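Enquirer: Fold the following, please.
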Amino acid sequence: MRCIKNPKGRFGKEEIQKAFVETKNYYSQFINQLKEMGIDTDLRIRECEHATDGILDETMASNYDLLFVKAKTQNTLKEFLMGNEVEDILRRTPSNLLFWRSRE
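Expert: Next comes the predicted model:
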């Protein structure tokens, strides 16, 4: 699940579409490798005002075995781990979770 944050509709349709394409390209190799190993994998992309709410809405509406949650930078990860977001996700999500920080 990738939630593209768009608070108050700041980004236009073209910018959101570009983000969807970039997300698919970014995760395609990883998803293909999982599928080759026989692991059923699905990438969901949504436009969300708040990432936490989007993640929780999607996981509550679906039945996921494992949910990957990525933070883009160390500061974002620190804020994510120290804020209420991670607590809400951990407490309210029925799926197993894996949190990671990208080296990019």
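Enquirer: Run through this structure and note the low-pLDDT ranges.
Expert: Judged against pLDDT under 70, the low-scoring parts of the chain cover residues 71-84, 102-104.
Enquirer: Do a quick rundown of the helices in it.
Expert: Residue ranges of the helices in the chain, as given by DSSP state H, are 13-36, 51-61, 74-82, 84-92.
Enquirer: which residues are contacting stretch 42-52?
Expert: Contact with stretch 42-52 is made by 1-8, 16, 20, 23-24, 27, 31, 54-55, 57-58, 62, 85, 88-89, as judged by C-beta atoms under 8 Å, 6 or more residues apart in numbering. In short, each C-beta sits where N, CA and C put it, glycine included.
Enquirer: quick one, what contacts Ile16?
Expert: Contacts here follow C-beta under 8 Å, 6+ apart; on that basis Ile16 touches Ile4, Asn6, Glu47.
Enquirer: how does it look with 10 Å?
Expert: Each residue near Ile16 by C-beta atoms under 10 Å, 6 or more residues apart in numbering is listed here: Ile4, Asn6, Gly9, Ile45, Glu47.
Enquirer: So how do I select the buried members of the residues you listed in PyMOL?
Expert: One line in PyMOL is enough to select the buried ones among these; burial here means 16 or more other C-beta atoms under 10 Å:
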select buried, resi 4+6+45
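Enquirer: From the contacts of Ile16, pick the one nearest Leu67.
Expert: Compare each of the contacts of Ile16 with Leu67 using C-beta to C-beta and the shortest gap goes to Ile45, at 14.1 Å.
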